[in-house]
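# Build the 3D model from these lines:
(one chain, ligands or ions: 1)
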Amino acid sequence: MQLKDLKIIVTGGAQGMGAHFAQRLQEAGAQVAVGDVNEERLAALPAGIHRRKLDVSSEADITAFVEWAHDAMGGLNGLINNAGILRDALLVKKDKATGQVKKLSTADWNAVIGVNLTGATLMVREVVAKMVEKEAKPGVIVNMSSIARHGNRGQSNYVSAKAALAANTVTWSREFAPFGIRVGSVAPGMIETPMTQGMNQKARDTLVASIPVGRIGVPEDIWVAVKFIIECDYFNGRTIDVDGGLNF
Ligand SMILES: NC(=O)c1ccc[n+]([C@@H]2O[C@H](COP(=O)([O-])OP(=O)(O)OC[C@H]3O[C@@H](n4cnc5c(N)ncnc54)[C@H](O)[C@@H]3O)[C@@H](O)[C@H]2O)c1
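So this is what the prediction gives:
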C-alpha cells in the first residue's frame with residue numbers, strides 16, 4: 001500500500017512513537033486520526049491531523065472512536081495499534097531489609113492487560129469490522145509489540161500482552177487475508193520516548209550500555225519498520241525486531 005492512500009488510525013499518538021508515526025504519515029499525504037487519553041498533548045499535534053480523546057481500556061470509547069475516525073477521514077483502511085502503558089513489578093519480591101514479601105498487584109496486572117492487550121485487540125476487532133462492512137480493501141494493521149515479548153524480569157503483565165500481540169499478528173493475518181487485510185507487528189528494543197525517559201536512570205544507563213549498536217533507538221528507527229510493513233504487500237503475519245541487537 002502507498003502511504004498517500006492511507007486513511008489510518010494511530011492509537012496513543014499524542015506523544016512518543018505514535019506522534020512521530022502520525023507526523024510522518026501526514027507528511028506523506030495520508031489521512032490520519034489520532035486517539036489518546038492525553039488531551040493536552042493531542043491538542044499540540046500538527047494541524048491537519050484528526051484527533052479525539054480515546055481510552056482504549058473502554059469498549060464504548062473504542063466503538064465511538066472508530067465510527068468518528070471513519071467519518072472524519074471519509075473511510076478507513078489502516079490501524080497503528082500503538083497505545084501502551086507500563087506498570088513494572090516483580091510477580092513476587094522479598095524485601096532484603098525487612099524480609100517482607102511483596103506481590104504484583106492485581107490492579108497493575110489488570111491495567112496493563114486492559115490497555116496493551118484487551119484494548120489493542122478490541123481496536124483490531126472494531127477497525128477490521130468497519131473495513132469489512134465497508135468492503136475497504138486493501139487494508140493494513142500494524143501492532144506494537146516489544147522485545148519484552150521474549151520474557152523480561154519485572155514485566156509479567158507487559159510481557160503477557162506484548163507476546164500475545166505478536167502471536168495474534170499471525171492469527172489475525174490468517175483470519176483477515178480473505179478480506180484483503182494484512183497484519184504485521186514491530187517489536188522495538190529500547191527507544192527514546194517519554195515511556196523510557198521515566199525509567200530509573202541507573203537501570204536505563206546499564207541497558208543502553210548493553211545495546212550492540214551503541215545507542216538508544218529513536219522513533220525514526222521504528223518508523224522505518226512501520227513504513228516497510230505498510231508498503232510491502234508481501235509482508236504478512238510476522239513481527240520485525242528493531243532493537244539494535246539488544247538481548248534482555
Ligand atoms: N519506548 C520503548 O522503548 C518501547 C519499546 C518497546 C515497545 N514500546 C511500545 O511502543 C508503544 C509506544 O510507546 P512509547 O514509548 O511511544 O510510549 P509513550 O508512553 O511515550 O506513549 C504512549 C501513548 O499512549 C497513550 N495511552 C496510554 N494509555 C492509553 C489508553 N488507555 N488509551 C489511549 N492512549 C493511551 C499515552 O497517553 C501516550 O501518549 C507502546 O505500545 C509501547 O509499549 C515502547
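# ok, now how distant is the residue nearest in space to the middle of the chain from the ligand?
For the chain, residue 82 is the residue whose C-alpha lies nearest the centre (Cα atoms, centre = their mean; 2.1 Å). Distance of residue 82 to the ligand, computed by Cβ to the nearest ligand atom, to the nearest Å: 5 Å. From N, CA and C alone the C-beta is placed, and that goes for glycine too.
# quick one: that residue and residue 35, what's the gap?
10 Å (Cβ to Cβ, to the nearest Å).
# give me every residue that touches residue 81.
Contacts for residue 81 (Cβ atoms under 8 Å, 6 or more residues apart in numbering) come out as 11, 120, 123-124, 141-144, 165.
# count of residues packed around the nearest residue to residue 72 once chain neighbours are set aside?
Counting by Cβ to Cβ, 6 or more residues apart in numbering, residue 72 lies nearest to residue 50, which is 4.5 Å off, once chain neighbours are set aside. Neighbours of residue 50 under the rule other Cβ atoms under 10 Å: 19.
# So residue 91 is in contact with residue 103, correct?
Yes: if you go by Cβ atoms under 8 Å, residue 91 and residue 103 touch, sitting 7.0 Å apart.
# Bridged to the nearest residue to residue 45 once chain neighbours are set aside, which residues?
In this structure, residue 45 finds its nearest non-sequential neighbour in residue 51, 5.6 Å apart by Cβ to Cβ, 6+ apart. Per DSSP bridges, the residues bridged to residue 51 are residue 34.
# Only alpha carbons, please: show the helix ranked longest in the chain as PDB.
Across the chain, the longest stretch assigned as helix under DSSP state H is helix 156-176. Only the C-alpha atoms of helix 156-176 are listed here, as PDB (Å, rounded to 0.1, in the frame of the first residue of the first chain):
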ATOM      1  CA  SER A 156       4.900 -10.200  33.800                       C
ATOM      2  CA  ASN A 157       1.900  -8.100  32.800                       C
ATOM      3  CA  TYR A 158       3.700  -6.300  29.900                       C
ATOM      4  CA  VAL A 159       5.400  -9.400  28.600                       C
ATOM      5  CA  SER A 160       2.000 -11.300  28.500                       C
ATOM      6  CA  ALA A 161       0.400  -8.500  26.400                       C
ATOM      7  CA  LYS A 162       3.300  -8.000  24.000                       C
ATOM      8  CA  ALA A 163       3.800 -11.700  23.400                       C
ATOM      9  CA  ALA A 164       0.100 -12.200  22.800                       C
ATOM     10  CA  LEU A 165       0.100  -9.300  20.300                       C
ATOM     11  CA  ALA A 166       2.900 -10.900  18.300                       C
ATOM     12  CA  ALA A 167       1.200 -14.300  18.400                       C
ATOM     13  CA  ASN A 168      -2.100 -12.900  17.300                       C
ATOM     14  CA  THR A 169      -0.400 -11.000  14.500                       C
ATOM     15  CA  VAL A 170      -0.100 -14.500  13.000                       C
ATOM     16  CA  THR A 171      -3.700 -15.400  13.900                       C
ATOM     17  CA  TRP A 172      -5.200 -12.300  12.500                       C
ATOM     18  CA  SER A 173      -3.100 -12.300   9.300                       C
ATOM     19  CA  ARG A 174      -4.700 -15.700   8.600                       C
ATOM     20  CA  GLU A 175      -8.200 -14.600   9.600                       C
ATOM     21  CA  PHE A 176      -8.200 -11.400   7.700                       C
END
